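A.B. asks: Just to be clear, the model below is a prediction. Sequence and coordinates:
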Amino acid sequence: MEPIHVVCPHCDTTNRMPRERLGEGGTCGKCKQPLLDGRVLALDGERFAHHVASNDILVVVDFWAPWCGPCKMMAPQFERAARELAGAARFAKLDTDQAQAVAARYGIRSIPTLIAFRGGREIARQSGAMDAPTLVRWVRELV
């Protein structure tokens with residue numbers, strides 16, 4: 001099988017790994033940190049572009065803002081889903097107040113909005129807060 005590309009959440013290096021070993025998580029060849037540790041990755045505009053374009057795995061991005069009540073309520077659910085699906089997808093958050101250009105480019109009109117990306121392209125979108133089981137089901141349908 002052809003290797004897939006996984007961007008390190010710690011040093012942003014793009015790593016190649018066999019698809020069949022994705023469930024094992026792997027470690028970064030540069031910084032030796034875990035590649036898929038089940039943590040939610042905080043992105044800014046620059047890191048967003050790199051992680052979305054360079055990852056071959058599914059990247060689920062939560063477009064949120066610190067003042068948003070539903071965003072705050074969903075945050076622990078999003079983290080729980082990230083831990084449960086650690087080997088299947090990367091979960092990330094993008095603060096729309098800090099990255100307004102990215103939010104505008106993707107037409108974010110309400111938050112929280114979740115967008116799933118694969119190979120740099122949007123493949124699914126969901127607006128509104130979700131609990132962890134619903135979020136896990138939604139992501140599993142996309143993987």
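C.D. replies: Now that the structure is in, tell me what you want to look at.
A.B. asks: Surely Phe117 is in a strand?
C.D. replies: Yes - judged by DSSP: H, G, I helix; E, B strand; the rest coil, Phe117 forms part of a strand.
A.B. asks: What is the neighbour count of it?
C.D. replies: Neighbour count for Phe117, taken as other CB atoms under 10 Å: 24. From N, CA and C alone the C-beta is placed, and that goes for glycine too.
A.B. asks: That one reaches Ile57, doesn't it?
C.D. replies: No - at 9.8 Å, Phe117 and Ile57 do not qualify as touching, with contact defined as CB atoms under 8 Å.
A.B. asks: what is in contact with those two at once?
C.D. replies: Jointly contacting Phe117 and Ile57 under the rule CB atoms under 8 Å, 6 or more residues apart in numbering is no residue at all.
A.B. asks: The lengthiest helix in the chain packs against which elements?
C.D. replies: For the chain, the helix that runs over the most residues, judged by DSSP state H, is helix 69-84. Packing partners of helix 69-84 (3 or more CB pairs under 8 Å, 6 or more residues apart in numbering; DSSP states H and E): strand 58-64, strand 89-95, helix 132-142.
A.B. asks: Name the nearest residue to the residue nearest the centre of the chain, sequence neighbours excluded.
C.D. replies: Geometric centre of the chain, nearest residue: Phe91, 2.8 Å, by CA atoms, centre = their mean. Closest residue in space to Phe91, ignoring its immediate chain neighbours: Ala82 at 3.6 Å, by CB to CB, 6 or more residues apart in numbering.
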